[in-house]
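Participant: give me the fold of what follows.
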Amino acid sequence: MSISLRDCIRKRREEKDDERMMFIFPTLYLMGFAREGGVKKKRHTSEETGEVKVRRLLEGYVKNCQVTFRMEPHIFKEVATYLRRKRFIVDTRITVEEKLGFFLYMLSRNASYEDLAVTFGHSNDTFHCHINHFFNKVIPTLSRRFLQSPNPNQVHPKILENPRYYPFFKNCLGAIDGTHIPVSISPEKHSPFKNRKGTLSINMMVACDFDLNITFISSGWEGSVTDSRVLRSAMSKDFQVPPSKFYLVDGGYANIPSFLAPYRGVRYHLKEFGARHRRPQNSKELFNHHHALLRNHVERTLSRFLLTTTATKKKPSPKCSGAKRSADSPRGHLAEGTNNFTSIESQCVEEPLHQIDDVEDGAQAKEETLQEIHEIHDEEDGEKDARDEQEEARSGQ
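Facilitator: Okay, here's the model as predicted:
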């Protein structure tokens, strides 16, 4: 028997099997449906609706509201009243209080749509619609109204009051780093979300100031995307750095204007300058050490952020169909896009800020900064040696 004939017979058998299955599965379903009396069971049978449950928590014991929504009842009511008065959220068959309630419940407990369905008694499509409205409309509007952008012309006290950093880092606004957030997605879409460790994640970029406050977030990129690509994407949208200012970044980013990276091939991490290691031996190591001390703020911020989310996490992240889902996809509630808390006013301006043309080259500016840092530390070391000699002379007398 020829190979082509054998393939034709196999293909015909597979088609017959498919036709048989298309007949068997509906038959089995109808038989089970008839066995149950021909009546479809309702999923949400609780007499206490979501609206009643939210009202009970707001009017009951204060601690119950704090545990459920991470908010006191009077604050919850004030927020709901404000959202209703400004028409950011309107009453439909679901009240404003219930919409705000399941949104806060999701945030405080890392709840999936299935958890919300069990607790509040609505479909996944309903939760998807309202939660995306919060993320896409309500949160950006509230951030523009209430978050005050810092003044970039003011030097942060931690830099101003420390001779290690001032005046060398006086134009530094903060630090930037990336982190990976685990996700669970359908198997056919695993490939772009696999990071270098082989796990599934999204790559999130975070910028923070020296008070450990997050000032900018860009999330939604697949785990296989590099940190530099996420930064370029954020810059092409609404992440703007004022002229002559810069952020500290690690070796995963390029050393370009507005973003200062450490020297490559030189000791950098703080553990390499620990008690059992040598002090900085040259200007490059000295610069990297001070750079690492300041950039450590973003690592502390991320640690605190991840610790907070882990404390409320009870299971793996909700399923999502991809980092860039269509609006009609009800699977998961992955927060996408960017959230800018630094350039609030710039979001309302049609023309974005532009870098000035006479910004010094990054490498040249770094060399000058290194020289100044080295000179001031030489002076400090000289003063220390003089004090030691004086103490030795007194002890000899």
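
Participant: give me phi/psi at the closest residue to residue 195 other than its chain neighbours?
Facilitator: Closest residue in space to residue 195, ignoring its immediate chain neighbours: residue 223 at 3.7 Å, by C-beta to C-beta, 6 or more residues apart in numbering. All C-beta atoms are positioned from the backbone trio N, CA, C, and that covers glycine. According to degrees, to the nearest 10, the main-chain angles of residue 223 amount to phi -60, psi -20.

Participant: could you list every residue that touches residue 223?
Facilitator: 180, 183, 192, 193, 194, 195, 199, 200, 201, 202, 203 (C-beta atoms under 8 Å, 6 or more residues apart in numbering).

Participant: who wins on neighbours among those?
Facilitator: Highest neighbour count within those: residue 202, with 26 neighbours (other C-beta atoms under 10 Å).

Participant: mind checking the SS state of that one?
Facilitator: For residue 202, the assignment made with DSSP: H, G, I helix; E, B strand; the rest coil gives strand.

Participant: going forward, count from 842.
Facilitator: Taking 842 as the first residue, the last one we looked at is residue 1043.

Participant: who's in contact with it?
Facilitator: Residue 1043 makes contact with 1021, 1022, 1024, 1034, 1060, 1061, 1062, 1063, 1064, 1164, 1175, according to C-beta under 8 Å, 6+ apart.

Participant: mind putting the residues you listed in JSON lines, distance to residue 865 included?
Facilitator: Shown next, in JSON lines, are these (distance: C-beta to C-beta, whole Å):
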{"residue": "1021", "distance to residue 865": "44"}
{"residue": "1022", "distance to residue 865": "42"}
{"residue": "1024", "distance to residue 865": "36"}
{"residue": "1034", "distance to residue 865": "36"}
{"residue": "1060", "distance to residue 865": "45"}
{"residue": "1061", "distance to residue 865": "42"}
{"residue": "1062", "distance to residue 865": "44"}
{"residue": "1063", "distance to residue 865": "39"}
{"residue": "1064", "distance to residue 865": "40"}
{"residue": "1164", "distance to residue 865": "38"}
{"residue": "1175", "distance to residue 865": "37"}
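
Participant: helices - which of those residues land there?
Facilitator: Among those, no member falls in helices (criterion: DSSP state H).

Participant: which one of the residues you listed is nearest residue 995?
Facilitator: residue 1060 (28.6 Å; C-beta to C-beta).

Participant: who's that closest one bridged to?
Facilitator: residue 1178 (DSSP bridges).

Participant: pick the one among the contacts of residue 1043 closest to residue 974.
Facilitator: residue 1175 (15.2 Å).

Participant: can you pull the pLDDT of that closest one?
Facilitator: For residue 1175, the model assigns a pLDDT of 37.

Participant: likewise residue 846?
Facilitator: Among the per-residue scores, residue 846 shows a pLDDT of 72.

Participant: just the element for it, please.
Facilitator: helix 844-876 (DSSP states H and E).

Participant: what's the following helix or strand after that helix?
Facilitator: For helix 844-876, the succeeding helix or strand toward the C-terminus, using DSSP H and E, is helix 891-900.
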